[in-house]
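In: model this:
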Amino acid sequence: MCEVLAPGLAVSVLRAVFQEVHVQSLLQLDRHTVYSIIRNFMRTREEELKGLGADFTFGFIQVMDGEKDPRNLLVAFQIVRDLIVQEYTLGPFVEELFEVTSCYFPIDFTPPPNDPHGIQREDLIVGLRSVLASTPLFAEFLLPLLIEKMDSDLQSAKLDSLQTLRACCAVYGQRELKEFLPSLWSSLRREVFQTASEKVEAEGLSALQALSACLSRSVLSSDGEDLLDSFLTSLLQDCRHHLCEPDMKLVWPSAKLLQAAAGASRRAGHQISASVVPLLLEQYNQHPQSSQRRTILEMLLGFLELQQKHGPEEADDNPLLGSKATLCSVVFSAVTDPSVQLQLVGIRTLAVLGALRGLLNPADVELLVDHLTRLILHEEDSKSCEAAMEVAGALAPLYPEAFSGRLVQVLSEELQTAPQEEPLQSQHSRWRRCLQALAAVSTHSGIVRDTVPVLLQCLRRAQKGNVPSGAHSVVSICQSLQRVAVQCQQDPGSGWYFHQAVVPCLLGLAVQAGMQENSSPALGKVLLEEEALTAMVPVISAACTHLSPELAAQSASHVVLLFLDGELAFLPDNSFPRSFQPFQNRQCPALAQRRLVSLLMAFVCSLPRNVPIPQLDRLLHELLALSCSCDCPFTATAAAKCFAGLVNKHPPGSQLDELLEAAVNRLEPDLAEGPHRHQALALLLWVTKALLLRYHPLSARLTDKLLALLGDVALGPAVGDGFSLLMADSPDVLCKSCHADVRLMFRQRFFTESVPRLVKGFHAAAPDAKANYLKGLSHVLSHLPKPVLVTELPTLLSLLLEALSCPDCVVQLSTLRCLQPLLHDAPDVMSLHVDTLVSKFLSLTESPAMVIRIAALQCLHALTHLPPPVLLPYKPQVIRALAKPLDDKKRLVRKEAVAARGEWFLLGSPGR
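Out: Next up, the predicted model:
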């Protein structure tokens, strides 16, 4: 309508409204129509309306004056903001426009229950703030109002005022602030010094930082008076002396105020740091107590972090240069202090100190590295050691030569020596710490080339039995290699170096162990243990996931032919005593070699989907045969996972369909009878998951087979557990990090298709098979997204409650973990069954299994989130029953019992 009006009619309409209509006497809907007309005209006839000059502003002030309805106020606030932002003429009516809007500040509005319009208090606050903070013209009227409201006793008024002041500082200059700076500082200081509210304190600090930033901008753009200098001088005068009293309550508020102001700009940070840092260093040396030194060092750390935030400065302009020697001395003394808490703060400070470019000279850096080395190797407290490793990893890219030449060298030497008199457990602990440190510091490509050979040499020693703790040491080495691999993934050069150095070495050592498995002595047998092979899998996987397609294809051609044809040429030290044929039918030596299929799985299942696998069809058929016929469960499962991972990434088409049909034909007789039923079930589960993730139509047929097997006496319990495998994330195959084809909402789809049949099967099942259905149902529900689960809860809750009575511990634990979040998210539904819930949870607190007792106590704790009137009749019963787990022999159980009983004691108390 507005677009088709003739020129000039918009002005005529508005003049008539302003002069003839008393808008505030109209009904709410009519007033809203007037506001909509004005807003539409402003959008479509801006030039015509601006021709009215200040008359338009005055007319709207009359229209809006006295408005109370929140629906209309939202529109009115938008109109006022548009008046200002679009530069309509305000004329002599600036104060009147301010008054007609500021009368609503601070917003005091509580939406009525079941409000169909959905207007919240926050909507009005944001709308009004956008008006008040939209122009410097309001400053002389708004700032006194904000100061007045900051002195209010209402926390909401304080918060609103502080947030509005912060918004205003984005558009104000020092000319608008000059007159009010002393009062603003006084109010902000009082709020931080005296408030008991963390919210008010945080908003006060944010407002102070915005104020300091505003003055910093004004200095850059003005030739007038430097208000920033005088403002910061006032801050230092009022706060600096409190920093000399580390035991007094105002020390931290003062430090926070100074840090907030210093964080606003480089200049503010320079001026405050130049004054405060020398003082804090002096105070550190004057106070000998560790607790006082810790407080002072934490404050110092805050100011150093601000210097780091503002970035490097000119060498002559750095406020820390004059105090560098004292600063280094203080930090180095803190990391050698016997107090662990002071040590930890010192280590954090060491990290920031090292990250300040241009501050430390080479001698300082070497001393810093030496301190980290000492903490890593000799500090008894694990927290200090871990913190030192983290700092070493953060600083290594800045000083790679220093870390390679000192820390890595010392760690390497430490791994070569093993004092004979040292207990085996201590040797392994020292070994593990050195390995973790080597991995932590491998954050630079040059350092990676120094640390990886050391880690591989440790693995070779483990193969020969020259390390403490055997398989445990192999696991520790692999965990360190995995961490290095993950850190190399962001740098293609380091990633390819790691892949070339580590993957052939791991495969070579494992193949050598597999060939010598029957020799005497069995060299390298430790590498064939399930624990060691399982630890190697994530190393190889992490080394492959980020390779480029060309390099991955090059590597795949070697690894796949190694397993299919025994091609050993690419392996280091490839003078092996016999051939490598893991897929052969003869029993010896293939049994040991077949275990290495887990490493093949780690490799091929981690490659990107666009990498061609050589002889893929042959490989898949070999894996299929091995997974169904191998007597070793570890090998059979690895082959099944490898087969499933390749099937998931296989391009759709007739070749895939034929492969799957062959797999089903192979599975069906083995599932029916024979010695390999469990191996066939494992393959069925993994293939079902592979197809379920990619929405392949055959997944429905395989799910039918699983549901039918729930009634099987021998396989039923394992099938019930298998539903957890179908729903859970898999860390080594069939996950997004391994480039698997994972579709959105596959869990919801599986839930929709399987749960009704699980429920139906439960009701029709024989008594001894019902637990299998409950187990499957509980696993599906425990992995389902909460919103979906809450929606379906009313129809499934009775079965979940019945599952709590199932004697199977797996069913009980899965059900308890499923119910606990529902007590928070669906209190209305859960309240209807509170009697059953209380009795079931209390009975499970006496379960023989510790994990069941803990989960039951956590559920009893969560029960207190239900409405108190529903729970109060059970309060005495629960408190009495929870007295027994308070004496449980396990500390973790006692801890949960204390927390749950405390909440039940407070149930129904005032203020809850």
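In: drop to CA atoms for contacts and neighbour counts, all remaining ones
Out: OK.
In: Now do the buried residues in stretch 844-862.
Out: By 16 or more other Cα atoms under 10 Å, the buried positions in stretch 844-862 come out as 844-845, 850-862.
In: The least confident helix or strand in the chain by mean pLDDT packs against which elements?
Out: None of the helices or strands of the chain scores lower by mean pLDDT, DSSP states H and E than helix 590-594, at a mean of 80. Judged by 3 or more Cα pairs under 8 Å, 6 or more residues apart in numbering; DSSP states H and E, helix 590-594 is in contact with helix 492-515.
In: can you pull out the strands in the stretch 651-800 of the chain?
Out: Counting by DSSP state E, counting those that start in this stretch, one finds no strands in the stretch 651-800 of the chain.
In: Low-confidence ranges, this structure, go.
Out: 1-5, 218-225, 311-317, 418-424, 468-469, 517-524, 574-575, 577, 585-590, 911-912 (pLDDT under 70).
In: can I assume Leu90 is in contact with Phe60?
Out: No - assessed by Cα atoms under 8 Å, Leu90 is found out of contact with Phe60, at 11.0 Å.
In: How about the contacts made by Lys324?
Out: Going by Cα atoms under 8 Å, 6 or more residues apart in numbering, Lys324 touches 359-360.
In: for His444, same thing?
Out: With Cα under 8 Å, 6+ apart, His444 has these contacts: 396-397, 400.
In: where exactly do the strands run in the protein?
Out: Using DSSP state E, the chain contains no strands.
In: Identify the residue spatially nearest to Asp565, adjacent ones excluded.
Out: Gln581 (7.0 Å; Cα to Cα, 6 or more residues apart in numbering).
In: Verify the stated contact: the one you found with Leu568.
Out: No - look at Gln581 against Leu568 with Cα under 8 Å: they stay out of range, at 10.8 Å.
In: So for the two, which residue has more residues nearby?
Out: Leu568 (22 against 19; other Cα atoms under 10 Å).
In: Please tell me how far that one sits from Ser579.
Out: According to Cα to Cα, to the nearest Å, Leu568 stands 9 Å off from Ser579.
In: picking up where we left off before, out of the contacts of His444, who has the most neighbours?
Out: Most surrounded of these: other Cα under 10 Å gives Ala396, at 23 neighbours.
In: Dihedrals phi and psi, that residue?
Out: phi -60, psi -40 (degrees, to the nearest 10).
In: got a list of what it touches?
Out: Counted by Cα under 8 Å, 6+ apart, Ala396 has contacts 403, 441-444.
In: ok, for Lys689, nearest residue in space, not its chain neighbours?
Out: Counting by Cα to Cα, 6+ apart, the residue nearest Lys689 is Leu726, at 5.2 Å.
In: likewise Leu165?
Out: Counting by Cα to Cα, 6+ apart, the residue nearest Leu165 is Ala207, at 6.3 Å.
In: and the one you found, how far is that from Arg266?
Out: 18 Å.
In: Show the backbone phi and psi for Glu245.
Out: Per degrees, to the nearest 10, the backbone of Glu245 is at phi -120, psi 70.
In: residues contacting it?
Out: Val251.
In: got it, and Ala899?
Out: So Ala899 contacts His861 (Cα under 8 Å, 6+ apart).
In: and the gap between the closest residue in space to Ala402 that isn't next to it in sequence and Leu407?
Out: Spatial nearest neighbour of Ala402, excluding adjacent residues (Cα to Cα, 6+ apart): Glu366 at 6.3 Å. Distance, Glu366 to Leu407, by Cα to Cα: 10 Å.
In: More neighbours: the two, which one.
Out: Each of Glu366 and Leu407 has its neighbours counted (other Cα under 10 Å); Leu407 has more, 24 against 19.
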